[in-house]
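Visitor: After the sequence you'll find the predicted model.
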Amino acid sequence: MQIKVIKGHGSGNDFLLIDEISNAYTFTEKNRAELARLLCHRESELGADGILFVMNSVHADARMRVFNADGSEASMCGNGLRLVARYICELYGRSEAVIETMKADLKVSKQNDLFPDVHTYQVEISPVLFELKALPLKLNQPTLYNERIKELSAELRFTAVAVPNPHLIALVTTEQLQSDIQKQLSEKVNGPNELFPDGVNVSFVKQLDHGAIYVRTFERGVGFTNACGTAMSASSLVTCLQEINPFEQPITVYNNGGKVLCVVHKIAADYKIDLIGNATYLYEAAVEVNLERELVEISDKEELTEQDVYEKLQSEAQQIITEMLKG
Ligand SMILES: N[C@@H](CCC[C@H](N)C(=O)O)C(=O)O
């Protein structure tokens with residue numbers, strides 16, 4: 001079969017976007033998982049952290065389904081949603097839209113460029129759930145806020161939160177960031193284990209300055225990525241709860257692929273987060289795929305030039321991270 005894809009990224013978290021609205025594909029559920037495994041494989045001609053399937057919705061402007069590189073489906077994807085936001089706004093000539101995701105309909109909108117000529121979108125991250133059953137995390141308590149998990153680390157304190165995909169977050173020192181603790185414990189909770197039966201996205205967070213943090217995430221179903229949008233949003237929330245950063249003010253979140261802004265809102269007893277960042281297209285391609293024989297071949301490809309300007313943002317962000325982590 002021939003499939004049209006757009007390869008793009010949000011903070012270097014890269015995706016293949018497949019439009020099931022304008023193209024009459026007849027994918028089965030099995031096909032979507034197989035496509036994710038085959039096309040995202042880093043040794044394939046494409047390679048990505050996941051696939052974003054854009055579909056019609058009965059009650060919203062469009063529907064997003066996100067599949068991780070290992071073929072598992074995630075309930076949400078913050079960086080991916082910015083790409084879908086751009087795609088739908090451009091498709092329908094709009095500056096805002098509502099996108100149906102697995103567990104919520106989320107508002108998205110076009111924003112002023114975060115950096116000259118970098119397409120920028122804001123997406124809503126919600127609902128925010130602290131109940132351990134929402135992740136799920138099998139501990140004999142209802143929530144986990146800045147606490148130790150003895151099976152994972154004697155020194156780190158973790159917060160568990162679903163937005164609504166599952167996140168385990170620790171505020172760490174530079175030494176802990178530079179050690180291999182994150183890799184070890186992430187592999188543990190994303191392999192067969194009793195605590196997180198569905199796996200979890202694990203983030204290490206370092207405060208860099210007032211209103212500025214660095215977040216590195218090991219993503220469930222993928223491994224270390226350049227950035228994870230829901231993780232950066234959940235991490236910003238954790239710093240607000242710990243009174244390190246303010247609610248209702250932009251927090252700059254640096255990551256290995258660039259930077260985003262997060263604004264954490266407290267509405268009565270609930271929280272929601274605005275995630276603002278790039279939605280950059282790398283190329284558009286037509287791909288010949290044979291799922292049975294696991295063959296992928298690009299038949300037509302148009303390289304785009306947006307990445308050239310994005311790299312300026314990324315190198316500025318990288319310099320700041322290096323300087324701040326030294327200090
Ligand atoms: N990269 C995404 C999250 C993708 C899903 C995640 N790996 C999961 O399985 O929950 C983001 O930007 O939020």
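Guide: Thanks, I have the structure now.
Visitor: So for the regular element (helix or strand) spanning residue 177, what gets flagged as buried?
Guide: In this structure, residue 177 sits in helix 174-178 according to DSSP states H and E. By neighbour count with 16 or more other C-beta atoms under 10 Å, helix 174-178 contains the buried residues 176-177. In this view, the C-beta of every residue, glycine as well, is placed from N, C-alpha and C.
Visitor: which strands and helices sit next to the next helix or strand after that helix?
Guide: Next helix or strand after helix 174-178 toward the C-terminus (DSSP H and E): helix 181-189. Where contact means 3 or more C-beta pairs under 8 Å, 6 or more residues apart in numbering; DSSP states H and E, helix 181-189 is packed against strand 201-209, strand 212-219.
Visitor: Sheet partners, orientation included, of the last one?
Guide: Looking back up the chat, that one is strand 212-219. Neighbouring strands of strand 212-219 in its sheet, by DSSP bridges, are strand 201-209 (antiparallel), strand 223-224 (antiparallel), strand 250-255 (parallel).
Visitor: who's in contact with the shortest one?
Guide: Taking contacts as C-beta atoms under 8 Å, 6 or more residues apart in numbering, the residues outside strand 223-224 that touch it are 183, 216-218.
Visitor: Near residue 94, how many other residues are there?
Guide: Residue 94 sits with 14 neighbouring residues when counted by other C-beta atoms under 10 Å.
Visitor: That one contacts residue 88, doesn't it?
Guide: Yes. Applying C-beta atoms under 8 Å, one finds residue 94 in contact with residue 88, separated by 7.4 Å.
Visitor: Need the overlap of contacts for the two.
Guide: residue 61.
Visitor: buried set for the helix or strand containing residue 89?
Guide: Per DSSP H and E: residue 89 is located in helix 78-92. Neighbour-count burial for helix 78-92, counted by 16+ other C-beta under 10 Å, picks out 78-89.
Visitor: returning to that earlier point: out of the contacts of strand 223-224, flag the one nearest to the ligand.
Guide: Nearest to the ligand among these is residue 217, at 7.7 Å by C-beta to the nearest ligand atom.
Visitor: residue contacts, the closest one?
Guide: 201-203, 224-225, 227-228, 231-232, 255.
Visitor: what ranges do the strands span in the stretch 1-150 of the chain?
Guide: 2-10, 13-19, 50-55, 62-68, 73-74, 96-100, 105-111, 120-125 (DSSP state E, counting those that start in this stretch).
Visitor: Kindly reformat those as CSV containing mean pLDDT, distance to residue 237 and mean neighbour count.
Guide: Below are the strands of the stretch 1-150 of the chain laid out as CSV (pLDDT from 0 to 100; distance: least, C-beta to C-beta, whole Å; neighbours: other C-beta atoms under 10 Å):
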stretch, mean pLDDT, distance to residue 237, mean neighbour count
strand 2-10, 98, 19, 22
strand 13-19, 98, 19, 24
strand 50-55, 98, 23, 23
strand 62-68, 98, 21, 24
strand 73-74, 98, 19, 20
strand 96-100, 98, 21, 18
strand 105-111, 98, 16, 19
strand 120-125, 98, 9, 24
